[in-house]
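Enquirer: build me a model from this:
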Amino acid sequence: MDKKTGPFNRFINSTVILYIVLWLLQPVPNRTEGDIRGIATYTMILATVVFIIYLAVNIAAFEKNIYVTTKSITGTVLAVLGIWVILTAKTGILEEALFPSPEIVLRQMFSDSRLPGDILSSLITLGKGYLSALVLGIFLGSVLGMSKKFGNSITYITTFLKLIPPIVYIPYAIALLPRYESVSTFVIFMSSFWPIFSSTYVGVKGVEKQYLDSAKVLNVGFFSRMINVILPASLSEIFIGCNQGLAYSFIMLTSAEMIGGSAGIGYYIKYYSNFGDFTRIIVGILVIGIIISIITFLISKLENHLLRWKPK
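Expert: This is a model prediction of the structure:
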């Protein structure tokens, strides 16, 4: 750690102050009817868990970039909770029916017996559609990228097809496929296949000729050349397509579930929106954000691990 992140600055800073302020807000009387008196248990448990993680990273004295990232995330979470508490429970500036306090939302999130089933349903649907697109997109992109018969035509075709919003396939998917779950899987597949295929094709096509020539001189077979030379060299481009496909998949997952699903987070939000239950709507939105953040983080770690040989 440098002087700016020395012992004093690491333990007395804006993040610590935000945590203290959040505790000082607890005795302030609530202005909204839906909030219980006293300490907002769920809110403070969340704040404390996040703060403890920050302290653990702080004490362990990890790399500076890890410390700074953890500090920024912790500070942001605490600031959002503090502002949310002030605007809802403590002042009532925001209408309670539309904007319930974090305590009400978190209590609902952790006590909702239906939520785990909908989360699992969404993850299964996402997994089937995205993994199918991942396997087929990387395979076809690699095969066509290695072929000399295909040139710019593939690029133009994939550019055209991936610009078509996948949601327009839903009417045909509903008419042709037997179940709404199949419709969601198909739409996710279509939304993620073209970015993955296109990036894989571009990556394989752009592998430097000297690598291929060296492999041929060493009499490396086709499949061995594919696995040990071409895919590692094009992995950076492939991950770009994978990340794009994943982002599109999340958008289409919730859209498909909201349009015709019978389970999943999108259906959860749509179902309770019919009753004007904004507490559960916010719960669904937060859950989607948490799931996306976790999956994106894991893929980022996988990418860093697989590309650890590449200079930063």
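Enquirer: and after the helix or strand hosting F139, which helix or strand comes next?
Expert: Secondary structure from DSSP states H and E places F139 in helix 115-146. Downstream of helix 115-146, the next assigned helix or strand under DSSP H and E is helix 152-162.
Enquirer: that following helix vs helix 115-146, what angle?
Expert: Comparing the axes of helix 152-162 and helix 115-146 via axes from the mean of the first three to the mean of the last three Cα atoms, to 10 degrees yields an angle of 160 degrees.
Enquirer: hmm, who's touching helix 152-162?
Expert: Under the criterion Cβ atoms under 8 Å, 6 or more residues apart in numbering, residues L144, W194, P195, F197, S198, Y201, V202 lie in contact with helix 152-162. In this view, the C-beta of every residue, glycine as well, is placed from N, C-alpha and C.
Enquirer: 10 Å instead?
Expert: Residues outside helix 152-162 that contact it (Cβ atoms under 10 Å, 6 or more residues apart in numbering): 140-141, 144-145, 147, 150, 190-199, 201-202, 205, 241, 244-245, 248.
Enquirer: what's the next helix-or-strand element following that helix in contact with?
Expert: Next along the chain after helix 152-162, taking DSSP H and E as the criterion, comes helix 170-176. Residues outside helix 170-176 that contact it (Cβ under 10 Å, 6+ apart) are 166, 169, 180, 182-187, 190, 252, 255-256, 259-260.
Enquirer: swap in 6 Å and give it another go.
Expert: The contact list for helix 170-176 (Cβ atoms under 6 Å, 6 or more residues apart in numbering) reads V183, F186.
Enquirer: ok, then the element right after that helix?
Expert: helix 180-205.
Enquirer: helices or strands up against that next one?
Expert: helix 115-146, helix 152-162, helix 170-176, helix 231-260 (3 or more Cβ pairs under 6 Å, 6 or more residues apart in numbering; DSSP states H and E).
Enquirer: okay, the angle between that helix and helix 115-146?
Expert: 30 degrees.
Enquirer: so can I have a markdown table of the helices and strands packed on helix 180-205 showing mean neighbour count?
Expert: Shown next, in a markdown table, are those (neighbours: other Cβ atoms under 10 Å):
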| stretch | mean neighbour count |
| --- | --- |
| helix 115-146 | 19 |
| helix 152-162 | 13 |
| helix 170-176 | 14 |
| helix 231-260 | 21 |
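Enquirer: can I get these in a markdown table including mean pLDDT?
Expert: Below are the helices and strands packed on helix 180-205 laid out as a markdown table (pLDDT from 0 to 100):
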| stretch | mean pLDDT |
| --- | --- |
| helix 115-146 | 88 |
| helix 152-162 | 73 |
| helix 170-176 | 75 |
| helix 231-260 | 83 |
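Enquirer: same list (these) but as CSV, adding distance to V57.
Expert: Converted to CSV, the helices and strands packed on helix 180-205 look like this (distance: least, Cβ to Cβ, whole Å):
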stretch, distance to V57
helix 115-146, 27
helix 152-162, 39
helix 170-176, 44
helix 231-260, 26
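Enquirer: just checking, G266 touches I259?
Expert: No: counting by Cβ atoms under 6 Å, G266 stays clear of I259, with 8.2 Å between them.
Enquirer: helices and strands around the helix or strand containing V287, which ones?
Expert: Per DSSP H and E: V287 is located in helix 278-306. Applying 3+ Cβ pairs under 6 Å, 6+ apart, we find helix 278-306 packed against helix 102-111, helix 265-273.
Enquirer: for A89, find the nearest of these.
Expert: Ranking those by proximity to A89 (Cβ to Cβ) places helix 102-111 first, at 6.7 Å.
Enquirer: residues in contact with that closest one?
Expert: G34, D35, A40, Y42, T43, L81, W84, T279, I282, V283.
Enquirer: go with 7 Å
Expert: 34-35, 40, 42-43, 46, 81, 84-85, 89, 115, 279-280, 282-283, 286 (Cβ atoms under 7 Å, 6 or more residues apart in numbering).
Enquirer: what pLDDT, on average, does it get?
Expert: Mean pLDDT, computed over helix 102-111, is 90.
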